[in-house]
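# Generate coordinates for the sequence data below:
(chains A and B)
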Amino acid sequence: MSSFIFRNARVIDPVRKIDSRGDVGVIDGRIAEASEVRGGEVIDLGGKVLSPGFIDLHVHLRQPGNNMAETIASGTAAAAAGGFTSVVAMPNTNPPADTAGAIEFLRQTAAKKAVVRVLPCGCMTKGYAGEEMAGIGSLKAAGVVALSDDGRCIQDHALMRHVVEYAKSFNLPILDHCEDKCLAAGGVMHEGKWSVLLGMNGISGASEELMIARNIILARQIGWKIHMQHVSVKESVELLRNARAKGIPVTGEATPHHLTLTDECIKKYDTNYKMNPPLRSEEDRLALIAGVADGTITAIATDHAPHTMTAKMVEFDYAPFGIIGLETALPVSYGELVAKGVISLPKLVELFTAGPADILGFDDYSLAPGNPADLTVFDPEAKYTVDKEQFKSNSRNTPFDGWEVQCKTMLTMVGGKIVYNEL
Amino acid sequence: MEWTRKDLLSLYDLSAEEITFLLDTAEEFKKVSERNVKKVPALRGKTVVNLFVEPSTRTRVSFELAEQRLSADIVNMQASSSSLLKGETLLDTVRNIESLQVDLIVMRHSAPGAQAFIAKHLKCGVVNAGDGAHSHPTQALLDIFTMREKKGALKDLKVTIVGDILHSRVARSNMWGLLKLGAKVTLAGPSTLVPREFEAAGVRVCHNLKDAVQDADVVNLLRIQHERQSAGFFPSTGEYAKFFGLNRQNLRWMKPDVLVMHPGPINRDVELTSEVADGPNSVILEQVTNGLAVRMAVLFLVAGCVKK
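Residues are numbered from 1 along each chain as shown, chains lettered A, B, ... in the order given. I've put the predicted structure just below:
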């Protein structure tokens, strides 16, 4: 394997609390002291940021089942273009990833087609139907890093309790889509002023809050990690903040779209603003930003949810939930959080690296010599216009097309191999 | 003023001037229906498709008659007989209709925003005949037309709308139209069906009938649907009638010249008793008559803006 020296980097390594100018070496797929590299390729970064590779906790690769919307190849190419070196693949494919065989398919396909690491996530229940526990031990043996029924939420609290208890014994974190079905039934957007004025069925914030409260109770009782996916309402952030202050092992992620957009966007009936959880009120958005700023929310995740143009070019009520996000997460988050002075650049890097790594239970996700050379290089000064036609993803369902943004992925390296290069 | 819109989607989009212009135009068309020969050649040579993706009787009949009295050629399409059931998308259906060189599509659909969605992609005109709980602009225009005819200026007129506001496109369209013209709007009904969020639009929300109607110049009653009862929004139509229905007794709380309106079809003894429905304050059937004039005005103005 080849060797590299990255010179003149602004090295940001949150785990080791480093933010300084320096050089980073890569030997045989692993990080090394630059001084130890003999005769490798020298890449001068001219002050651009080099950080551990980004991890996205929440990606829908759609394969198997909907290859037209995305495949493991196209989805991981999109990830590489967004600076992500690892993506957690949500199991709500068709068929769902609820058996060791399904995980084996994912791993084998990824080995052939993926350009970044695909971290398999298994279903909590068979067919993610919320009725019977999936073969969690077998899923673990097949290589899953976490469990989730994403897209759905186990409504039966006793079953959820058993899943969490059982998952604990296999050391698997739970990633939960928190939504009470009764309170969300029939909803297509956030329940609030805009749903009322537009005559649309609402998904109340309480539907999320209720299940987050349930999960906090179970995490405390069982003493096991429950991670709340795509937190979207103010009260959820408050619940998480209080629970974390008490030392209950719960975490939360925020998506770039919930940090930047609100339910008012739905006035135009553009289905690229339809996702679940829905875009919430401005008050919720600001509370989510505050949660990121004070450390209540420790990861940014995209909930990258590809859908074909055909699927989205329909009446708002009938459009599927979800938008893509891998190729816009960095600049959109930078614009809202760093450019506006809410958090520092190293803190943003942490939300994409050490934060998600910690949720998955990874040790030392840093640039320490010897670690796998999963690296992201980006230029926080580079300004450009988002053009969905340039996306590597098979899908185009983004609300960010045409946005003037800043902060661009320049190079992505996975295990010492350059998988994306705009330098 | 000059009318410039090829589509009528929602009264929220219109200015006070545009709404007034529509009402003035409707006054002229009302005279047509009062003649012996109830037909004018205003839309001769124009083709209108009535696409009812959600079933309707009275609105469809009213639109059809309005189109016939304007001498338009018309085609009626129901969702049940269209390709939508075969899996064709709505956009493909309406693009096919447009390719037949149709000038206007009058559409009703259960999904809010469906007309706005197709209008963006079509050169022909689109008239919204009701989209889910969002908007029903011609119903609101005929209601406002009737109010103006009976009460004169809309400015500071006190209008109370009673019923299932949450699920009502009639309530929303009336609210926006009336607010634009300076009326004072109260929305009333059971708290489960009249959320406080409506206050953001600049209306009064009220969950007590007496408070809602005692100062009103107009009381517009909305149809209560039985399916809301099974969905748990209120216990029974009987209890609804007891607390929110108009009857001989509570008519005494109101101004003697209050206008009682209803977009129909009425549930006698639920929203109102027969004494009220057929009494001197009721203008329910005049609303139906005015609906024709309003729809003629809308079709005429919108068709004039469709570019060939």
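
# buried set for stretch A:208-224?
Judged by neighbour count using 16 or more other Cβ atoms under 10 Å in any protein chain shown, the buried positions of stretch A:208-224 are A:208-216, A:218-220, A:222, A:224. No exception for glycine: its C-beta is placed from N, CA and C like everyone else's.

# Confirm B:Leu23 sits in a helix?
Yes - residue state for B:Leu23 (DSSP: H, G, I helix; E, B strand; the rest coil) corresponds to a helix.

# Look at it and report its pLDDT.
Confidence at B:Leu23, expressed as pLDDT, is 98.

# tally of neighbours for it?
Neighbour count of B:Leu23, defined by other Cβ atoms under 10 Å in any protein chain shown: 23.

# Skipping adjacent residues, who's closest to A:Ile43 in space?
A:Phe6 (5.3 Å; Cβ to Cβ, 6 or more residues apart in numbering or on different chains).

# Let's see the strand or helix carrying the one you found as CSV, backbone CA atoms only.
Assigned by DSSP states H and E, A:Phe6 belongs to strand A:4-13. These are the backbone C-alpha positions of strand A:4-13, laid out as CSV (Å, rounded to 0.1, in the frame of the first residue of the first chain):
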residue,chain,number,x,y,z
PHE,A,4,1.2,9.8,2.0
ILE,A,5,2.4,12.9,3.7
PHE,A,6,-0.2,15.7,4.2
ARG,A,7,1.8,18.9,4.7
ASN,A,8,0.6,22.3,6.0
ALA,A,9,-2.7,20.9,7.4
ARG,A,10,-4.8,22.6,10.0
VAL,A,11,-5.1,19.4,12.0
ILE,A,12,-8.3,19.2,14.0
ASP,A,13,-8.5,16.1,16.2
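
# Parallel or antiparallel, which strands does that strand pair with?
On the basis of DSSP bridges, the sheet neighbours of strand A:4-13 come out as strand A:18-27 (antiparallel), strand A:41-44 (parallel), strand A:49-52 (parallel).

# of all those, which gets the most neighbours per residue?
Of all those, strand A:49-52 has the most neighbours on average by mean count of other Cβ atoms under 10 Å in any protein chain shown, namely a mean of 26.

# neighbouring contacts of that strand?
Judged by Cβ atoms under 8 Å, 6 or more residues apart in numbering or on different chains, the contacts made with strand A:49-52 from elsewhere in the structure are A:6, A:9-15, A:24, A:345, A:349, A:352-354, A:357, A:365-367, A:374-380.

# Distance of the nearest residue in space to A:Leu259 that is not next to it in sequence relative to chain B?
If the residues on either side of it in the chain are set aside, A:Leu259 comes closest to A:Glu336, at 5.1 Å by Cβ to Cβ, 6+ apart. Plainly put, A:Glu336 is 25 Å away from chain B if you go by Cβ to the nearest Cβ, to the nearest Å.

# Assign A:Glu336 to helix, strand or coil.
helix.

# wait, it sits on A:His257?
No - with the criterion set as Cβ atoms under 8 Å, A:Glu336 and A:His257 do not qualify as a contacting pair; they are 10.2 Å apart.

# Which one of the two is surrounded by more residues?
Comparing A:Glu336 with A:His257 by neighbour count (other Cβ under 10 Å), the higher total belongs to A:His257, at 26 against 19.

# helices or strands up against the helix or strand that that one is a member of?
With elements taken from DSSP H and E, the one containing A:His257 is helix A:256-260. Helix A:256-260 sits against helix A:282-293, helix A:329-333, with contacts defined as 3 or more Cβ pairs under 8 Å, 6 or more residues apart in numbering or on different chains; DSSP states H and E.

# With mean pLDDT as added columns, please give the ones you listed in CSV.
Below are the helices and strands packed on helix A:256-260 laid out as CSV (pLDDT from 0 to 100):
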stretch, mean pLDDT
helix A:282-293, 98
helix A:329-333, 98
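
# who wins for proximity to chain B among the ones you listed?
helix A:282-293 (12.3 Å; Cβ to the nearest Cβ).

# and that closest one, C-alpha only, in PDB?
Provided in PDB are the C-alpha atoms of helix A:282-293 (Å, rounded to 0.1, in the frame of the first residue of the first chain):
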ATOM      1  CA  GLU A 282     -38.600  28.200  14.600                       C
ATOM      2  CA  GLU A 283     -38.700  27.800  18.400                       C
ATOM      3  CA  ASP A 284     -37.900  24.200  18.000                       C
ATOM      4  CA  ARG A 285     -35.100  24.900  15.600                       C
ATOM      5  CA  LEU A 286     -33.500  27.400  17.900                       C
ATOM      6  CA  ALA A 287     -33.800  25.000  20.800                       C
ATOM      7  CA  LEU A 288     -32.000  22.300  18.700                       C
ATOM      8  CA  ILE A 289     -29.200  24.700  18.000                       C
ATOM      9  CA  ALA A 290     -28.900  25.500  21.700                       C
ATOM     10  CA  GLY A 291     -28.800  21.800  22.400                       C
ATOM     11  CA  VAL A 292     -25.900  21.400  19.900                       C
ATOM     12  CA  ALA A 293     -24.100  24.400  21.400                       C
END
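
# which other residues reach that helix?
For helix A:282-293, contacts defined as Cβ under 8 Å, 6+ apart pick out A:190, A:205, A:231-234, A:237-238, A:240-241, A:252, A:254, A:258-262, A:264, A:296-297, A:300, A:336-337, A:342-343, A:351.

# Name the residues of that helix that are buried.
A:284-285, A:287-292.

# Is there proximity between stretch B:66-85 and chain A?
No - with Cβ under 8 Å from any Cβ of the partner chain as the measure, stretch B:66-85 is seen stopping short of chain A, the closest distance being 10.7 Å.

# for the stretch 301-423 of chain A, what spans make up the strands?
Secondary structure of the stretch 301-423 of chain A (DSSP state E, counting those that start in this stretch): strands at A:375-385, A:404-414, A:417-421.

# Please identify the deepest-packed of these.
When you average the neighbours per residue for each of the strands of the stretch 301-423 of chain A (mean count of other Cβ under 10 Å), strand A:404-414 leads with a mean of 21.

# Partner strands of that one, with direction?
strand A:375-385 (antiparallel), strand A:417-421 (antiparallel).

# Which among the ones you listed is found nearest to B:Arg248?
Nearest to B:Arg248, of all these, is strand A:375-385, at 67.2 Å by Cβ to Cβ.

# pLDDT (mean, whole number) over that closest one?
With pLDDT averaged residue by residue, strand A:375-385 scores 98.

# And the contacts of that strand?
Identification of contacts with strand A:375-385 by Cβ under 8 Å, 6+ apart yields A:6, A:9, A:24, A:26, A:31, A:45, A:48-54, A:83-85, A:330-331, A:334, A:338, A:345, A:352, A:367, A:402-413, A:423.
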